[in-house]
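J.: This is a predicted model, with the sequence first.
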Amino acid sequence: MCKTTKGTQTASQDSIRRILPQGAGTGSGGSGTQSVRFDGVPEHIPELTFIVARRNQNDDFINGANTYHTNCGLDPHPISSIENLLTQLSQLPGHLRRIRIVTHAHPTNLAVAMFEGSTVYHAEKAYLRGFAQDDISGIYSILGMTNTRHFLQWDIDTITSYIRSNSPNILKPFGMDASGTPSGSLREYIFVCADYFYAGTQSVKKNNQALTAGERSNLRNALDVIIQQTGSSIIGTTFGTHQVLQGDLSTLRSFIVSMSLANFGFATGGSWSFNFDPSANIFTLVARAVAAIQNNFRTRLDQVRQRFSEDSVIDVRGCRAGQDRDYLEALREFFGSSTHKPRVTAPDWYQYFGSSSYSTLQNNLQIHTLLFTGVNAAVNLAGFKDWAIRMKVAPSHKTFWTNLLNGSLVKFCLMKWSTTFPRLPIPAPGLTAFAAMNFRDSINKIRDFFYVAVDASPSGATLDTLHDFVTNFLTSWGPDLLERVNSTTSPTRLQQLFQSLSQINTALSQSLVPSTAPNPLLANQISSYQSALIGYIETNRLAQIQPFMAAVRQRIEDSNDPGMNYYMLHAGLPVFVFADQERVINHIVTVTRNRLVVLDSYAATAYRQWPQLLWAEPLPSINLINTLQLEQADSRRFAMMVEVADGGNTAVASCPHPNYNGHMISVP
């Protein structure tokens, strides 16, 4: 999970690949035409994914995030800072729809450097808001001078009077060599020049200690940027008949920074102390900010902000980043323009990209053992029930089978229904294979589907006899036996059906159909012959199927050991057990209860359908799903959250369970 470590970061020089938006996926496993969506809350695929470069080789959170997003084809790119992120984003034209930022985080900030080369891994709320406004506000936010922007309460009249008395020509370009008081930007320019002077004295300290020469230089360089940017708003301004030039401001500055404290009207200088955590030296950070500003930080930020809109989304995936909604608002302000801000999402629990447990089961006995034996049996059983609902197996497939088993034996044995299963969110290869089976194999497979006792199903010679009858006779008889007729059926068709039914009657050595058709031949007479023949066939030729159908129905309706649990795996579906507890030690989740279960005969196919259920849109074509191996932990990475970072068992929420989305905060 999000546990910060120290080290170095490097900027990515790789080209950035957008993941193009794609349409919704199509359900499978049935004959319907409508797509069926998995009953969960999957995440949306970002077109760009950025993951903060790891600072420690064994960073399980970052390593897991990179593996997970690479497996899914999201082409994650490393970022070493917010500045680096802007550099990469600024290289892309067009609208930014959805981007994802994965990083260590705290409830009040993202644990990522704000600027290149910085070892302060905190993108503080104040920094984001400051630079969202302008570079000057950004620098002051780093220095902690957002409320009081000047070291002393400089008096503009005192400063102006001293300049006018000693070198009035300096004020002449501003029309104040004889009288007048600077205001607005000119007044602010003079005050910042005074700050620059004061920053060169020993009165400015850090945590009540003297600044080093390097720290003092960094501070003055930052003030120099403020002086330059403040002055840029004055250049070109006309005072009287004179238009201010850069040289006019430079002369004014040179004079002010050469003044003494007494010239400013202060007998003693007092002191100013910057107070901050020594491990995050603000003078080093402000130096990196100055370097970024000089490297077109503002230009890149403005370019990126133009590409976000209120329809854009920034998904932050880092521990507890969503606990402070105001921080998410600051991210919106930083990346958005004044009128078009993106939506930002982030978790309020600890984010993790763990490897699920898994079970590759060989047969129904092993499935039964998983569900009824061991400390996690109850969790597994509840998970299967939940999954059946989410996968739309229940109630649609359960109802399908129940209606089938309560219906006609002839229709059941003809197996025409084997291609009419209700659709499922993903392909069901077991059902596809079932549709191509002959009668004998179908009966055996249905027994496996629902874990029906062997002695409750026809087998051996009995099944062979049934198979021969169904294959050689019933299959060809079925259409005529089951065709519905009514008053609109033509006399010709009625006569054709009578002939066919007579032949069936003869083949059965029965007298259920007269040798000569009544005249006139009516539809209700044909229906009567059909019913008589079907009744005879079901009672005398298919009698052994009736108890089998009853046994299957009983297994489906078994509330203690539902047959649908076995059916899902035999259908070739993956089953994911969503558990609400896991064990967390030292920021690492031991995933034992959240479990992916597949049947061995469909293991690879079933598993490779699972990652798609984590996302609302189809995975990009560059995904690695078809190369993954179930037994490899990195192949089973998935998104999850836990409530606490240590201390044993804790609440967990796994994507795409709705509980996961319930801990994803969205602003606005």
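T.: Perfect, I can see it now.

J.: measure the residue nearest to residue 337 when sequence neighbours are not counted to residue 44 for me?
T.: Leaving aside its chain neighbours, residue 337 sits nearest to residue 305 (5.0 Å; criterion: C-beta to C-beta, 6 or more residues apart in numbering). For the C-beta atoms, the positions are set from N, CA and C on the backbone; glycine is no exception. Here the criterion is C-beta to C-beta, to the nearest Å. By it, residue 305 lies 22 Å from residue 44.

J.: Looking at these two, which one has more neighbours?
T.: Using other C-beta atoms under 10 Å, the more surrounded residue of residue 305 and residue 44 is residue 305, with 21 against 15.

J.: residue contacts, that one?
T.: 335, 336, 337 (C-beta atoms under 8 Å, 6 or more residues apart in numbering).

J.: Ok, residue 66 next?
T.: By C-beta under 8 Å, 6+ apart, the contact list for residue 66 reads 51, 76.

J.: Could you single out the nearest of the contacts of residue 305 to residue 609?
T.: Compare each of the contacts of residue 305 with residue 609 using C-beta to C-beta and the shortest gap goes to residue 335, at 35.2 Å.

J.: Could you look up the SS state of residue 411?
T.: helix (DSSP: H, G, I helix; E, B strand; the rest coil).

J.: For it, give its distance to residue 435.
T.: Distance check for residue 411 against residue 435: by C-beta to C-beta, it reads 16 Å.

J.: Over to residue 353?
T.: Plainly put, residue 353 is 38 Å away from residue 435 if you go by C-beta to C-beta.

J.: who has more neighbours, those two?
T.: The residue with more neighbours, out of residue 353 and residue 435, is residue 353; 24 against 14, by other C-beta under 10 Å.

J.: Run through the stretch 351-500 of the chain and note the low-pLDDT ranges.
T.: By pLDDT under 70, the stretch 351-500 of the chain contains no weakly predicted segment.

J.: In it, mark out all the strands, start to finish.
T.: With DSSP state E, counting those that start in this stretch, the ranges of strands along the stretch 351-500 of the chain come out as 357-361.

J.: So for residue 35, what's the pLDDT?
T.: As predicted, residue 35 sits at a pLDDT of 72.

J.: Check which helix or strand it maps to.
T.: Assigned by DSSP states H and E, residue 35 falls within no helix or strand.

J.: so how many other residues sit close to it?
T.: Counted by other C-beta under 10 Å, the residues lying close to residue 35 total 13.

J.: which parts of the lengthiest helix in the chain are buried?
T.: Scanning the chain for the helix with the most residues, using DSSP state H, yields helix 213-232. Using 16 or more other C-beta atoms under 10 Å as the burial criterion, the residues of helix 213-232 that qualify are 215-216, 218-231.

J.: Stretch 163-170 too?
T.: Burial within stretch 163-170, assessed by neighbour count using 16+ other C-beta under 10 Å, is assigned to 163, 164, 170.

J.: Likewise for stretch 426-435?
T.: Residues of stretch 426-435 classed as buried by neighbour count (16+ other C-beta under 10 Å): 426, 427, 428, 429, 430, 431, 432, 433, 434.

J.: Stretch 353-368 too?
T.: 353, 354, 355, 356, 357, 358, 359, 360, 361, 364, 367.

J.: got it, and stretch 143-153?
T.: Counting neighbours by 16+ other C-beta under 10 Å, one finds that the buried residues in stretch 143-153 are 143, 145, 149, 151, 152.

J.: Surely residue 100 is within a strand?
T.: Yes - membership of residue 100 in a strand is supported by three-state DSSP.

J.: Where does the closest residue to it other than its chain neighbours sit, in terms of helix or strand?
T.: Counting by C-beta to C-beta, 6+ apart, residue 46 is the residue found nearest to residue 100 once chain neighbours are left out, at 3.9 Å. Taking DSSP H and E as the definition, residue 46 sits outside all helices and strands.

J.: can you check residue 51 too?
T.: Assigned by DSSP H and E, residue 51 falls within strand 48-52.

J.: cool, residue 576 as well?
T.: When secondary structure is defined by DSSP H and E, residue 576 falls within strand 575-577.

J.: Please compute how far stretch 627-644 lies from its chain's middle.
T.: Centre-to-centre, stretch 627-644 and its host chain are 14 Å apart (C-alpha atoms, centre = their mean, to the nearest Å).

J.: Just the buried residues of it, please?
T.: Judged by neighbour count (16+ other C-beta under 10 Å), stretch 627-644 contains these buried residues: 628, 630, 635, 636, 637, 638, 639, 640, 641, 642.

J.: Keep only those of those that are in strands.
T.: 637, 638, 639, 640, 641, 642 (DSSP state E).

J.: Can you verify my assumption that the last one contacts residue 651?
T.: Yes - Residue 642 lies in contact with residue 651 (C-beta atoms under 8 Å); the separation is 6.9 Å.

J.: buried ones in stretch 324-342?
T.: By neighbour count, and taking 16+ other C-beta under 10 Å as the criterion, the buried residues in stretch 324-342 are 324, 327-337, 341-342.

J.: out of these, what pair is the most spread apart?
T.: By the measure C-beta to C-beta, the buried residues of stretch 324-342 have their two most distant members at 324 and 337, which lie 22.7 Å apart.

J.: Can you list phi and psi of residue 76 for me?
T.: For residue 76, the backbone dihedrals are phi -70, psi 140 (criterion: degrees, to the nearest 10).

J.: Could you do residue 106 as well?
T.: With angles defined as degrees, to the nearest 10, residue 106 shows backbone torsions of phi -130, psi 170.

J.: distance of the closest residue to residue 450 other than its chain neighbours from residue 387?
T.: When the adjacent residues along the chain are set aside, residue 450 lies closest to residue 563, with 3.3 Å between them (C-beta to C-beta, 6+ apart). Here the criterion is C-beta to C-beta. By it, residue 563 lies 15 Å from residue 387.

J.: got it, and residue 544?
T.: According to C-beta to C-beta, residue 544 and residue 387 sit 34 Å apart.

J.: Neighbour count: the two, which is higher?
T.: Between residue 544 and residue 387, counting by other C-beta under 10 Å, residue 387 is the more crowded of the two (22 against 15).

J.: isn't that one right up against residue 567?
T.: No - with contact defined as C-beta under 8 Å, residue 387 does not count as touching residue 567 (11.8 Å).

J.: Please name the residues that touch the closest residue to residue 54 other than its chain neighbours.
T.: Distance criterion C-beta to C-beta, 6+ apart; nearest residue to residue 54, sequence neighbours excluded, is residue 62 at 4.1 Å. Contacts of residue 62 were listed using C-beta under 8 Å, 6+ apart, and they are 51, 52, 53, 54, 102, 104.

J.: Count the residues that sit near the last one.
T.: Around residue 104 there are 24 other residues, counting by other C-beta under 10 Å.

J.: now do the fifth one
T.: By the other C-beta under 10 Å criterion, the neighbourhood of residue 102 contains 25 residues.

J.: same check, this time on the third one
T.: Each residue near residue 53 was counted by other C-beta under 10 Å, and the total is 23.

J.: Equivalent analysis for residue 625, please.
T.: Residues lying near residue 625 (other C-beta under 10 Å) number 16.

J.: Let me know whether residue 272 touches residue 206 as I believe.
T.: No - counting by C-beta under 8 Å, no contact exists between residue 272 and residue 206, whose distance comes to 9.9 Å.

J.: where exactly do the strands run in the stretch 1-150 of the chain?
T.: Under the criterion DSSP E, counting those that start in this stretch, the stretch 1-150 of the chain contains strands at 48-52, 77-79, 98-102, 105-106, 109-110, 123-124.

J.: export the ones you listed to JSON lines and tack on mean pLDDT?
T.: Converted to JSON lines, those look like this (pLDDT from 0 to 100):
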{"stretch": "strand 48-52", "mean pLDDT": "98"}
{"stretch": "strand 77-79", "mean pLDDT": "98"}
{"stretch": "strand 98-102", "mean pLDDT": "98"}
{"stretch": "strand 105-106", "mean pLDDT": "94"}
{"stretch": "strand 109-110", "mean pLDDT": "96"}
{"stretch": "strand 123-124", "mean pLDDT": "96"}
